[in-house]
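# sequence and predicted structure below; questions after.
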Amino acid sequence: MKIYVPRDSAAKALGADDVACAIADQAAARGIDVQIIRNGSRGMVWLEPLVEVDRGAGRMAFGPVAVADVCALLDGTLAGLGPTDDLDWMKRQTRLTFARCGVIDPLSLEDYAAHGGLVGLRRAAGLTGAGIVAEVTASGLRGRGGAGFPTGIKWETVRTAPGDRKYIVCNADEGDSGTFADRMIMEGDPFCVIEGMAIAGLGVGAEKGFVYLRSEYPDAIEVLAAAVRLARAAGILGADVMGSGRAFDMEIRVGAGAYVCGEETALLNSLEGKRGVVRAKPPLPALEGLFGKPTVVNNVISLATVPVILERGAAFYAGFGLGRSRGTTPVQIAGNVARGGLFETAFGMPLGELVDDIAGGTASGRAVKAVQVGGPLGAYMARDRFATPFCYEAFDGQGGLIGHAGVVVFDDSADMRAMARFAMEFCAVESCGKCTPCRIGAVRGVETIDRIAAGDAGAVGLLEDLCETMRDGSLCALGGFTPYPVLSALRAFPEDFTAVREAAE
Amino acid sequence: MPTPPAPFVPQDEIAAIIAAHLHLEGPLLPMLHAVQAAFGHVPPPAHDLLAGALNITRAEVHGVVSFYHDFRTTPAGRHTVRICRAEACQAVGGTALADAALARLGIEWGGTTANGAVTVEPVYCLGLCACGPAAMIDGKVVGRVDGARMDAILTEAGA
């Protein structure tokens, strides 16, 4: 009998380690042969710890499982959810990037290869750099970190840039609230990230890669570091990648709690051992990046999607999606939701379907007031925007962004003035300090919202002016996009900005 | 609030940590992490040694240490409790949870209890956004933390 108990940190946060220990103890006490596999998460966080039992007829799901349920689980008397793959949440997804996540043992290269792993890299090893980059370009893959820049074009710039040394940098500084896709794949299918980086290395002619992984993710650091050692021992990394005669190796570097280091140029400075201060562009990192060398900086999910593109072909991947948003995106549904987790789907699903149908509305049972899409720099959207299809262009057209595809749901008890104030406060805490609109503007923004709260109606116009200055005058997205949550909250929920004053009068 | 005197830190141990990382490209952050892992903070004597080893000024080292939220120049309490303040946790009552924890301990964000048992730090997202409010106790994650659970965590930590 095989029993799968996730090692994903969301599952651990809900007691998975204790459940795994209890299963091992009970199995030993009963003298039964149980193989416990610590897999990644299937993404159904509301069911975690989601335990799967395979008695030879496929994987059956149980969850959430508590330590007290373990005896019944082993007796076969615990009520279950049925076959995991038949669950509605699983059936409705298109899992390309996350195909293996939660299915395999994250640190078993044998499992990885048995589920399509390394096919893409093996193919890439037989292609020229230009051939690899052409495939990625044809897939229509765009940066999943938020900016949505075409990955193939970035790679081509690096490939053709002159340089004695080039780098692949994986941005794993997933600081946006409501997002955990990077964490999940690093914990659940780390070889996929490594394979994507190796393909990128072969594609652009880089022999060295860095993963900049945030310190808030100790479990992901542990799993990915172990996977790198295994990949190196197996010849996937090193002087002769998969027998291609070409070299690529990588290091994991741990961040130090600065949100702004998710911005690519601040990240590069941090990797160089400097303050994580944003650099002015140009020069583009693709031409003068890490240590001044041509550098690919890609998000974890962008890189983790490359293997499936090489494995199944650019046309297959580009066959999913809507308009210029090709392929799939792992939507992370979070906050006050009945069913939170990771749901990978082709671009184009309406926001309302994700919130009301997939996520099942709020956990509190109250009405949905607003959703924030795209992390702390994303706009708050009320129900009147729920028809917006989930893709880059449609959200841009609504004055928002999909960012790293996080959706945070708030019920009607949320105070949107407090959320707007928090957006400014967060920007003030995390500003790198290089440009004035962000460094000073965020502090003034908090003060101005406090004036509005105190009943100064004239401060509303001032806040709008300030947001315009920050949007147009900031060097990077931190100061430039903080106005999104602030102004969207102000415009969609003006009553939250006047209630205090009316109550006082 | 007076800061307690920093404990004695042997310079040769710091020098050994620095030497072990000198071969890296861009070694300063890995060195700082390693020093902090060994001593619980980055003691001021380390600044001189780092500056000397990397041929940068003490001001540059100070600039880097002070830029990042993770690096401390004084020791924390015996246990560090990090409570998520980000939006997804706010949507499920994270703010009230954090306020109650700080009020119980009688400290502000970043403060340490008088008995030195617990330091409470804010964290902006632990990636546990679908099972908030979230917290981390010395590197161990916990989700769906309510008031009773937080009380138990703080009591166990000796606060």
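Right, received. Where do you want to start?
# A:Tyr259: what's it in contact with?
A:173, A:175, A:426, A:430, A:478, B:124 (Cβ atoms under 8 Å, 6 or more residues apart in numbering or on different chains). Backbone N, C-alpha and C define where each C-beta goes, glycine included.
# now do the contacts for the fifth one.
With contacts taken as Cβ under 8 Å, 6+ apart, A:Leu478 has the following neighbours: A:259-260, A:263, A:278, A:377, A:427, A:430-432, A:438.
# could you redo the last one with a cut-off of 6 Å?
By Cβ atoms under 6 Å, 6 or more residues apart in numbering or on different chains, the contact list for A:Leu478 reads A:260, A:438.
# count of neighbours near B:Pro44?
15 (other Cβ atoms under 10 Å in any protein chain shown).
# so who does A:Gln330 touch?
No Gln there; residue A:330 is Pro. A:98, A:181, A:342, A:344.
# direction included, what does the strand or helix carrying it pair against?
Assessed by DSSP states H and E, A:Pro330 sits inside strand A:328-335. Applying DSSP bridges to the sheet, strand A:328-335 is found paired with strand A:341-346 (antiparallel), strand A:406-411 (parallel).
# list the contacts for the residue nearest the centre of chain B?
The residue lying closest to the centre of chain B (Cα atoms, centre = their mean) is B:Asp70, at 5.2 Å. Listed by Cβ under 6 Å, 6+ apart, the contact partners of B:Asp70 are A:215, A:256-257.
# in PyMOL, how would I select the buried members of those?
For the buried members of the contacts of B:Asp70, the matching PyMOL selection, counting by 16 or more other Cβ atoms under 10 Å in any protein chain shown, is:
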select buried, chain A and resi 215+256+257
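# out of the contacts of B:Asp70, which is nearest to B:Val141?
A:Ser215 (13.2 Å; Cβ to Cβ).
# need phi/psi at that closest one.
phi -70, psi -20 (degrees, to the nearest 10).
# any idea how far the strand holding A:Pro330 is from the chain center?
8 Å (Cα atoms, centre = their mean, to the nearest Å).
# coming back round to it: out of the contacts of A:Tyr259, which end up buried?
Using 16+ other Cβ under 10 Å as the burial test, these include A:173, A:175, A:426, A:430, A:478, B:124 as buried.
# what about A:Arg55, neighbour count?
Using other Cβ under 10 Å, A:Arg55 has 11 other residues around it.
# and for A:Ala247?
Neighbourhood size, A:Ala247 [other Cβ under 10 Å]: 15.
# residue ranges with poor pLDDT in chain B?
B:1-7 (pLDDT under 70).
# dump the residue contacts of the closest residue to A:Ala367 other than its chain neighbours.
Excluding its sequence neighbours, the residue lying closest to A:Ala367 (Cβ to Cβ, 6 or more residues apart in numbering or on different chains) is A:Asp412, at 4.7 Å. A:Asp412 is in contact with A:366-367, A:369, counting by Cβ under 6 Å, 6+ apart.
# please redo it, this time with the cut-off set to 10 Å
Counting by Cβ atoms under 10 Å, 6 or more residues apart in numbering or on different chains, A:Asp412 touches A:362, A:364, A:366-370.
# cool, and A:Glu222?
Contacts of A:Glu222 by Cβ under 10 Å, 6+ apart are A:7, A:186-187, B:139.
# avg pLDDT for stretch A:204-217?
Taken as a whole, stretch A:204-217 has a mean pLDDT of 98.
# that stretch: end-to-end distance?
29 Å (Cα to Cα, to the nearest Å).
# quick check: domain ranges of chain A?
As recorded under automatic domain parsing, the domains making up chain A are A:2-89, A:109-318, A:321-411, A:416-504.
# where do the strands sit along chain B?
Under the criterion DSSP state E, chain B contains strands at B:79-84, B:118-123, B:135-137, B:140-142.
# now these in a markdown table, with distance to A:Asp384?
Output for the strands of chain B, formatted as a markdown table (distance: least, Cβ to Cβ, whole Å):
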| stretch | distance to A:Asp384 |
| --- | --- |
| strand B:79-84 | 30 |
| strand B:118-123 | 33 |
| strand B:135-137 | 35 |
| strand B:140-142 | 36 |
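# still on that earlier bit, buried subset of the contacts of A:Glu222, written for PyMOL?
A single PyMOL command suffices to select whichever of the contacts of A:Glu222 are buried according to 16+ other Cβ under 10 Å:
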select buried, chain A and resi 7+186+187
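# which of the contacts of A:Glu222 sit farthest apart?
A:Met186 and B:Gly139 (16.2 Å).
# against B:Pro30, how distant is the residue of chain B most remote from its centre?
For chain B, the largest distance from the centre (Cα atoms, centre = their mean) belongs to B:Asn55, which lies 27.2 Å off. Distance from B:Asn55 to B:Pro30, counting by Cβ to Cβ, to the nearest Å: 17 Å.
# brilliant, that's me finished.
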